[in-house]
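A.B. asks: what's the 3D shape of this:
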Amino acid sequence: MKDNYGLLPKKHILPYDGMSINANVWDEAHNYHSQVQNAHQYFLHGTGIVVGLDVVASDPPDNLVFVLPGVAIDTSGKMIILSEPVAYDLGEKINGKLRLFLLHREVKIKAAKTEENNVPAYMQDEYVIVARTDELDTAHVEIARINRETVKSAIHDAGQTNAPRVNEIDLRFRKYVCPPPSEQILAGVSYLGKVPEKNYDQALIHLIKPLANESPYHLIVENDVPLDENLFNYKLLYLLATNSAKFDKKQADTLQNFIQNDGKILVEFCEQVSEEHAVELLKPLGSALTKLTIAHPVFHAPYLFSLAPQGSLAQDNVVVWQGEPCILVTTGSYGTLWRGQAQQPAFSRELIRSSIEWGVNLLSYLLAS
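C.D. replies: Sure thing, here's the model as predicted:
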């Protein structure tokens, strides 16, 4: 942050009884408060994006990009509030390494004439998007960059946000005033079959902080949640099953409705289970399972894996399936590792760490899907 101390006003009007108030005095008095507010925002909060202001390409791709609603503080400390999406046309006259800036300006609105001619005029806040290849001298917020190959190149969303290519929207240089606000996720832990220890809520509890560090999600965990109509109060269901467990019709119907209402389900087995039984268990939910490969995003973010890490059970390979649209199933019994309870023989620190990172990947993907 630059030493922009000039933002803070050094004097203000001292009122007195009988003081004459004209337009200049009124304007100076109110400008003082605006300057103090801007200085507060600049020095105490900083400049950049507060929330939103995502930049997305048109569908199908063309010269247009769209800036979605959001809030920012520009380099003069002024708050910018974009209340509705705004389209920006790059046209066919500019290319190269472009930087997109959002600017604030005030426009005088003409007052409607009346016989008395005493209707006040207004200043309206407006926001302008500009594309430049260099830095701006005026107050601004940078919202995106685009390395446009030619003046006619269509603009695309980035295939990989951390490695955008030519003609893709690059959001890596966006500066945030503060971390994006967290989204509270009410997670229920349920058990299917005769699970010996019903304390797997501790598994999710131990993932709360690692997940919050790498995603916008904050878990609120409740244990031993029945598979009934109250399930719809939850966003995430962590389901622990035995190798002989089966859904009855009422439970299957409840889970089908839960999925249709955008519920997310992570299924694990607390004992060794065959692939055939795992697939068979999920059939009543009407969701075909697809075995995940290394190309699936769950292996890539936030942590990079070349295969599913070893679980708590003595098995050669852990299998992970996805059931569309929002079910993940594993045979690793990672919850036993996430719980952090004493075992004989003890789990290694490396095994616990990799399982926690894998758990963050599983939940991040599931909640974002």
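A.B. asks: make it CA atoms for all contacts and neighbour counts henceforth
C.D. replies: Fine.
A.B. asks: any idea which helix or strand comes after the helix or strand encompassing V56?
C.D. replies: Using DSSP states H and E, V56 sits in strand 55-57. For strand 55-57, the succeeding helix or strand toward the C-terminus, using DSSP H and E, is strand 64-67.
A.B. asks: Just the helices from the protein, written as ranges.
C.D. replies: Applying DSSP state H to the chain gives helices spanning 23-40, 201-205, 208-214, 249-260, 275-282, 334-339, 349-368.
A.B. asks: Tell me which of the ones you listed lies nearest to D54.
C.D. replies: helix 349-368 (16.1 Å; CA to CA).
A.B. asks: Other residues contacting the closest one?
C.D. replies: 207, 210-211, 214-215, 217, 236, 264-265, 297-303, 308-311, 326-328, 334, 337-338, 340 (CA atoms under 8 Å, 6 or more residues apart in numbering).
A.B. asks: cool, and stretch 301-316?
C.D. replies: Contacts for stretch 301-316 (CA under 8 Å, 6+ apart): 214, 271-272, 294, 299, 317-320, 331-334, 336-337, 351, 354-355, 357-358, 360-361, 364.
A.B. asks: what's the domain layout of this protein?
C.D. replies: Using automatic domain parsing, the domains assigned to the chain come out as 49-111+120-170, 183-368.
A.B. asks: Could you check how far A301 is from I265?
C.D. replies: 19 Å (CA to CA, to the nearest Å).
A.B. asks: Compare neighbour counts for the two and give me the winner.
C.D. replies: I265 (25 against 17; other CA atoms under 10 Å).
A.B. asks: Quick check: the more buried one touching C326?
C.D. replies: Yes. With contacts counted by CA atoms under 8 Å, I265 reaches C326, the gap being 6.4 Å.
A.B. asks: which neighbours do those two share?
C.D. replies: I259, L366.
A.B. asks: Please, where are all the strands along the stretch 101-250 of the chain?
C.D. replies: Here the stretch 101-250 of the chain has its strands, by DSSP state E, counting those that start in this stretch, at 122-132, 141-148, 169-170, 183-192, 217-222, 236-241.
A.B. asks: would you turn these into CSV with mean neighbour count?
C.D. replies: Shown next, in CSV, are the strands of the stretch 101-250 of the chain (neighbours: other CA atoms under 10 Å):
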stretch, mean neighbour count
strand 122-132, 14
strand 141-148, 23
strand 169-170, 24
strand 183-192, 20
strand 217-222, 19
strand 236-241, 24
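A.B. asks: TSV for those strands, including mean pLDDT?
C.D. replies: Shown next, in TSV, are those (pLDDT from 0 to 100):
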stretch	mean pLDDT
strand 122-132	86
strand 141-148	93
strand 169-170	92
strand 183-192	93
strand 217-222	91
strand 236-241	96
